[in-house]
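*Asks:* Based on what follows, work out the 3D shape:
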Amino acid sequence: AVASLVAPSLGEDFMRSAAGHLNDLFPKLTGKDLYLGVPTVIWACAKLNAHHENLLASAAKRFRSTKKLSPMQDFSLCALSWSYEVLDSEGEFKYFRNVLASEVARRNLSDADVERSSLGYLKW
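*Replies:* Residues are numbered from 1 along each chain as shown. Got it, this is the predicted structure:
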């Protein structure tokens, strides 16, 4: 019983640490590391409700337009959109959430696709 109380905190701490490390590397990321890795880590943070302000800000800045999002795979886009819905409860990234929503709509993806991304890639 004690382990179940401790584990979520350890998971959150681990994800915050991983997010911080990824944020440090962010300016150098390209290709799959950028378009798959970043959404995956942000998604994992959202799953654990491990908010990392700096990583969210870096991603919002780097992917600030639909043009910047265009190389991203559909699942990664949906996962990123879902993650910002979960982690941005105070609306700090409202503009970026609108950019994500525009790209989701442009690709004819649905709100259900975005919501289903919360289950992970294999169940999407």
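*Asks:* Quick check: L36 vs F75, distance?
*Replies:* Distance of L36 to F75, computed by CB to CB, to the nearest Å: 9 Å. The C-beta positions use only the backbone N, C-alpha and C, and glycine is treated the same way.
*Asks:* Those two: which has the busier surroundings?
*Replies:* Shown here are L36 and F75; by other CB atoms under 10 Å, F75 has more neighbours (20 against 16).
*Asks:* For K47, the count of nearby residues, please.
*Replies:* When neighbours are counted by other CB under 10 Å, K47 registers 17.
*Asks:* now swap in K32 and tell me
*Replies:* Using other CB under 10 Å: K32 sits among 13 other residues.
*Asks:* For the residue lying closest to D13 once chain neighbours are set aside, which residues are in contact?
*Replies:* Of all residues not flanking D13 in the chain, A50 sits nearest, at 7.9 Å (CB to CB, 6 or more residues apart in numbering). Listed by CB atoms under 8 Å, 6 or more residues apart in numbering, the contact set of A50 reads G11, E12, D13, M15, R16, A19, A44.
*Asks:* Please identify the helix or strand for the last one.
*Replies:* Which is A44. Using DSSP states H and E, A44 sits in helix 38-48.
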